[in-house]
Structures are given as C-alpha cells and as structure tokens.
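K.L.:
coords below, sequence missing:
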C-alpha cells in the first residue's frame with residue numbers, strides 16, 4: 001500500500017482509505033476485510049471515519065454509480081472511482097444532515113487524489129465532476145432516480161426478487177434494509193441482570209430500552225469499547241432477531257447440543273448463558289472458528305469448538321447423537337443488509353439456487369446426527385422464500401420422521417429498526 005502524505009486527522013485521509021475499501025468491494029472483497037486492509041496502521045479516529053464513509057458509499061452505491069455515469073463520459077476506475085463514489089455519497093446528504101459542507105467534500109476529495117502519485121493527474125477531473133454535480137444536483141438526481149438501481153440502491157435482480165416474494169411489502173423491505181440498524185446488546189444473565197445492565201449503560205451516558213428478556217436496544221450506536229461490562233463478558237452485541245435462536249432451541253441442563261455453522265459465536269454464547277449444556281460449536285472456516293473461542297473466553301464460557309463441514313459429519317462427529325441442533329446455515333444474508341450493505345453488491349442472482357442446495361445437504365446431514373425425540377432449529381438471516389419457507393416444506397416432504405413445531409417463521413426487517421430479517425423453523429425427530 002502506498003504511503004500517504006495526508007494528515008490522518010483530515011477528511012482527505014479518510015476518503016482515501018474508504019475509497020480503497022470501496023474499490024476492493026467492487027472487485028469482490030467483503031467490506032470488513034477490505035476496510036481492515038485499507039485502514040491498517042491508521043489512527044482509531046481515522047479508521048472510524050473511513051468505516052462511516054465506506055458504509056455510506058455502499059448504502060448509496062446505486063445512486064452514486066448512476067450519477068457518475070451521467071457526470072463522466074468515461075467512467076474512472078480504481079482509486080479515483082472510489083473517491084468519487086465516497087464523495088458523491090456525502091454530497092447526497094440532506095442540507096440539514098450533511099456531515100461536511102459541500103465545498104469541504106470537494107476540496108478534500110481533490111486533495112486525496114492529488115496526494116497519490118498514481119492518481120494525481122486526475123485531480124482536475126475529480127474537481128470538475130464534483131463541482132458539476134453541485135451545480136446540477138437537483139436535475140441530475142431526479143434524472144437518475146428513474147433507474148430502479150439508483151432509486152433503491154440494490155441490484156436489479158435483488159429488487160425483482162424481493163418484489164416477487166413480497167408484492168405488498170417490497171418497498172418497505174428495501175427501505176428498511178437501506179437504513180442503519182440500531183445497536184442491540186444481549187445481557188449475560190449468568191453474570192448480571194437486565195436492570196443492572198440498563199443502569200450501568202445509563203450511568204455511562206448511554207440511553208437504552210429493553211426489547212426482550214435479555215435484549216437492550218440503545219438509542220445510538222457506539223463502539224463496543226464504550227459499553228460498560230462488554231470486555232468483562234456482561235454484554236454482547238447481537239441483533240434482537242438473532243437473540244430468538246437460543247430460547248427457541250429450548251436446550252435444558254445436561255443436554256448434548258450442536259451449534260452448526262457457529263462463527264462468530266454469538267448464538268453459541270447465548271446457548272451457554274441459558275443452560276449448563278455439553279455444547280459442540282462447529283465451523284467450517286478455521287480462522288472464523290478462532291473467533292468463537294475469543295467470544296467464549298470474553299464471556300467466561302466453554303464449548304468444544306470443532307472445524308469441519310456441517311454437511312459432512314464424518315469430518316467432526318463422534319457418533320454420539322445430539323438432543324438439540326442449531327442449524328444456522330449459510331445463506332444469502334439478505335436479511336442483514338442494513339448492517340452489511342456490501343452484501344447486496346457482492347451477491348449474484350445464481351448464488352441463491354446454489355445456497356439452497358448447500359442448505360439441503362447440511363439439513364439432511366445434521367438430521368442424521370439428531371437423537372430420536374430431539375429437536376433441530378433451522379435458521380437463516382435471509383428474506384428470500386427459496387431459502388426459508390420453501391426449504392422447511394421441502395424438509396417435511398423428504399423427512400418422514402420430522403414433525404414441524406411452532407416457530408416464528410419469517411421475520412422481515414422491521415421498519416422501526418427493531419430487528420433484522422430472519423427465518424426460523426423447528427423440527428422434532430420421531
């Protein structure tokens with residue numbers, strides 16, 4: 001990575017780092033990994049600013065790409081494109097909500113381009129594009145908003161899929177997924193109470209309200225380092241929709257339980273907070289499996305963490321049946337795009353049919369590891385029926401020993417921000 005001469009405290013520096021991350025996403029890298037590389041060695045404040053800019057750019061990518069196409073006869077690539085997309089995303093802020101004055105955004109975008117020897121020759125181009133946008137903003141924005149991708153900030157195939165699946169709700173679903181999700185924490189009731197956690201948060205100047213038996217939704221998002229008790233394992237960050245999984249599994253003391261596809265370990269920790277169980281946490285990716293151990297260490301809890309493919313029990317199963325299985329299977333993640341706005345741009349239409357086959361392979365494999373009388377909870381963070389209700393119905397058809405139990409089914413992203421999109425189906429083995 002070229003060394004930058006920019007002031008790490010300035011907007012130009014953060015634009016430069018955010019642009020690197022955005023460019024990496026457009027080349028197929030997930031945003032968290034791209035940000036990690038782009039901000040390596042940067043000060044904490046600069047990393048936070050770059051994160052804000054890049055996430056903002058992802059949420060407005062449909063609009064900004066359409067604007068850039070209208071503003072530039074030949075669209076730029078690489079770092080110049082990334083800086084323009086980040087700057088345009090900032091300039092789209094409503095006047096009363098703008099993070100920076102428009103002239104500052106233009107000036108700092110030009111400075112970011114000029115500071116890099118590889119892009120310095122484009123500073124006049126960047127200046128001209130952004131100033132033209134400011135002059136013609138109303139007309140240009142109205143023009144590109146006729147395009148569905150620019151209007152909704154999702155790929156066209158995604159918009160069409162949501163419209164087909166939810167013909168009366170598709171607009172609210174897309175809108176909910178394009179807003180920032182709240183910060184919701186889970187209280188470790190082995191170590192503290194909901195009331196005590198609320199009091200600690202309020203004493204730290206963080207307002208919040210209970211949203212479930214162990215969930216607190218904060219009025220505003222803050223870095224986890226600011227959450228009192230987080231490092232001591234009193235709190236975990238977890239969406240309210242995801243917090244339904246552990247209680248739904250109904251694991252009781254002494255049971256042998258499998259948490260399949262467990263990383264990063266949020267549901268693993270929750271299961272262990274609710275009961276004294278013999279828990280196996282399974283993850284296919286060794287690097288992600290390490291995160292399970294890290295989370296459990298913070299919570300002061302223990303599970304047997306194994307690395308293996310949930311669809312191939314020969315890799316990891318010792319032959320002893322489980323009384324409960326949490327099958328949080330790989331999915332499109334279409335229900336959590338408000339927290340991970342890069343997902344919509346990384347997914348492809350043909351990913352969903354491939355994921356459906358993977359989910360079926362995992363379900364059938366895990367069912368063989370479940371004891372008679374045991375229960376399996378099928379979970380996705382998807383809003384696409386092919387991964388959800390269609391899968392539950394398919395599993396009932398092909399599994400004569402499966403009895404479907406009550407469960408929430410499809411949770412769509414809440415317009416009020418209360419939870420992300422999830423699907424839950426429960427089965428008992430005869």
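P.N.:
Yes, it's here. Just so we're clear, the structure is a prediction, and the values are computed from it rather than from any experiment.
K.L.:
How far does the helix or strand containing residue 282 sit from its chain's centre?
P.N.:
If you go by DSSP states H and E, residue 282 is part of strand 278-283. Centroid separation between strand 278-283 and its chain, computed with CA atoms, centre = their mean, to the nearest Å, is 23 Å.
K.L.:
how about that strand: buried residues?
P.N.:
Buried residues in strand 278-283, defined by neighbour count with 16 or more other CB atoms under 10 Å: 279, 280, 281, 282, 283. (C-beta placed from N, C-alpha, C; glycine too.)
K.L.:
Those residues into CSV, with extra columns for distance to residue 258 and pLDDT?
P.N.:
Output for these, formatted as CSV (distance: CB to CB, whole Å; pLDDT from 0 to 100):
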residue, distance to residue 258, pLDDT
279, 8, 98
280, 5, 98
281, 8, 98
282, 6, 98
283, 12, 98
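K.L.:
which one of the residues you listed is nearest residue 304?
P.N.:
Distance to residue 304, by CB to CB, is smallest for residue 280 among the buried residues of strand 278-283, at 4.9 Å.
K.L.:
Show me what the strand holding residue 282 is packed against.
P.N.:
When contacts are defined as 3 or more CB pairs under 8 Å, 6 or more residues apart in numbering; DSSP states H and E, strand 278-283 packs onto strand 256-260, helix 266-274, helix 286-299, strand 304-307.
K.L.:
among those, which is the most enclosed?
P.N.:
strand 256-260 (a mean of 26; mean count of other CB atoms under 10 Å).
K.L.:
Packing partners of it?
P.N.:
helix 266-274, strand 278-283, strand 322-328, helix 351-367.
K.L.:
Make TSV from the ones you listed and add distance to residue 64 to it.
P.N.:
Shown next, in TSV, are the helices and strands packed on strand 256-260 (distance: least, CB to CB, whole Å):
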stretch	distance to residue 64
helix 266-274	32
strand 278-283	36
strand 322-328	34
helix 351-367	24
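K.L.:
Tell me which of these approaches residue 294 most closely.
P.N.:
Among the helices and strands packed on strand 256-260, helix 266-274 comes nearest to residue 294, with 10.7 Å by CB to CB.
K.L.:
just the helices in the stretch 151-300 of the chain please.
P.N.:
156-165, 170-177, 194-203, 245-249, 266-274, 286-299 (DSSP state H, counting those that start in this stretch).
K.L.:
how much space is there between the most centrally placed residue in the chain and residue 71?
P.N.:
Centroid check for the chain by CA atoms, centre = their mean gives residue 340 as the closest residue, at 3.4 Å. Distance, residue 340 to residue 71, using CB to CB, to the nearest Å: 28 Å.
K.L.:
Repeat that for residue 17.
P.N.:
From residue 17 to residue 71 the distance is 23 Å (CB to CB).
K.L.:
Give the helix, strand or coil label for the closest residue to residue 408 other than its chain neighbours.
P.N.:
Of all residues not flanking residue 408 in the chain, residue 424 sits nearest, at 4.8 Å (CB to CB, 6 or more residues apart in numbering). For residue 424, the reduced secondary structure class is strand; criterion used: DSSP: H, G, I helix; E, B strand; the rest coil.
K.L.:
same check, this time on residue 405
P.N.:
strand.
K.L.:
From the structure, what's the count of residues near the nearest residue to it once chain neighbours are set aside?
P.N.:
The shortest distance from residue 405 to any non-neighbouring residue, by CB to CB, 6+ apart, is to residue 426 (4.0 Å). Residue 426 has 19 neighbours, counted by other CB atoms under 10 Å.
K.L.:
next one: residue 229
P.N.:
Counted with other CB under 10 Å, residues neighbouring residue 229 total 18.
K.L.:
Contact partners for it?
P.N.:
If you count contacts by CB atoms under 8 Å, 6 or more residues apart in numbering, residue 229 has them with 192, 197, 200, 235.
K.L.:
show me the contacts for the residue lying closest to residue 359 once chain neighbours are set aside.
P.N.:
By the measure of CB to CB, 6+ apart, the closest residue to residue 359 outside its immediate chain neighbours is residue 329, 4.7 Å from it. By CB under 8 Å, 6+ apart, the contact set of residue 329 is 260, 261, 310, 358, 359, 362, 363, 378, 379, 380.
K.L.:
pretty sure the first one is in contact with residue 366, am I right?
P.N.:
In this case it means residue 260. Yes - if you go by CB atoms under 8 Å, residue 260 and residue 366 touch, sitting 5.9 Å apart.
K.L.:
so what sits against both of the two?
P.N.:
Contacts common to residue 260 and residue 366, judged by CB under 8 Å, 6+ apart, are 310, 325, 327.
K.L.:
which one of those residues has the most neighbours?
P.N.:
residue 325 (29 neighbours).
K.L.:
now it: how far from residue 228?
P.N.:
With CB to CB as the criterion, residue 325 and residue 228 are 35 Å apart.
K.L.:
and the biggest helix by length in the chain, what's its mean pLDDT?
P.N.:
For the chain, the longest helix by residue count, based on DSSP state H, is helix 123-144. Here helix 123-144 scores 97 as its mean pLDDT.
K.L.:
what stretches of the stretch 201-350 of the chain score poorly on pLDDT?
P.N.:
Of all residues in the stretch 201-350 of the chain, none has pLDDT under 70.
K.L.:
contacting residues for the residue nearest to residue 274 when sequence neighbours are not counted?
P.N.:
Nearest in space to residue 274, with sequence neighbours left out and distances taken as CB to CB, 6+ apart, is residue 246 at 5.5 Å. Contacts for residue 246 were tallied using CB under 8 Å, 6+ apart; they are 267, 270, 271, 273, 274, 326.
K.L.:
Go through stretch 133-146 and flag the buried ones.
P.N.:
133, 140, 141, 144.
K.L.:
tell me what the longest helix of the chain is packed against?
P.N.:
With contacts taken as 3+ CB pairs under 8 Å, 6+ apart, helix 123-144 sits against helix 61-71, helix 78-91, helix 102-114.
K.L.:
now that helix against helix 102-114, angle please.
P.N.:
Calculated by axes from the mean of the first three to the mean of the last three CA atoms, to 10 degrees, helix 123-144 forms an angle of 130 degrees with helix 102-114.
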